[in-house]
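A.B. asks: only the shape, not the letters, is given here:
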């Protein structure tokens, strides 16, 4: 049985796949979604890496109120485009994708359709590009870090 945390990680992986130009985004970084890996093969670009981070927890009324960090990185081959412009598009796509509110619609573009909805809140905490490409490099990326709030039963990480 998956923990609530694992279900949220799986939701993030599935959600990243909607980042395509056909879905109204600027980049196609949803073409390849990778979980928690540092090295990406050029054949996997454009791509998105979802990196689950640490969590904090506070006991409240028989529940654990948890907040976990999720870092999502988008990487593309920028070709002849300005890498700074492309990295800003990646950051915009990440924010648009993961900050869209949950709703009952079936379209992945209009908002998450998580069912059941295990996530209480998603807050963007930081993002951008840490390094621009050097001469001869052909890829650029950007990241966004989100703080994800959720609850579990006090002694059962698999249940709310």
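C.D. replies: Now that the structure is in, tell me what you want to look at. Nothing here was measured: the structure is a model prediction, and the numbers come from that model.
A.B. asks: contacts and neighbour counts: CA atoms only from here.
C.D. replies: Will do.
A.B. asks: what sits against the residue nearest the centre of the chain?
C.D. replies: For the chain, the residue nearest the mean C-alpha position is residue 72 (4.2 Å; CA atoms, centre = their mean). Shown in contact with residue 72 (CA atoms under 8 Å, 6 or more residues apart in numbering): 48, 49, 50, 51, 94, 143, 144, 145.
A.B. asks: again with residue 149
C.D. replies: Residue 149 neighbours (CA under 8 Å, 6+ apart): 65, 66, 67, 68, 119, 120, 121, 122.
A.B. asks: do you know the pLDDT at the spatially closest residue to the fourth one that is not a sequence neighbour?
C.D. replies: Closest residue in space to residue 68, ignoring its immediate chain neighbours: residue 55 at 3.9 Å, by CA to CA, 6 or more residues apart in numbering. The pLDDT attached to residue 55 in the predicted structure is 96.
A.B. asks: what do you get for the one 4 residues further on?
C.D. replies: Confidence per residue is given as pLDDT, and for residue 59 that number is 89.
A.B. asks: and for it, nearest residue in space, chain neighbours not counted?
C.D. replies: Using CA to CA, 6+ apart, the closest residue to residue 59 is residue 65 (6.2 Å).
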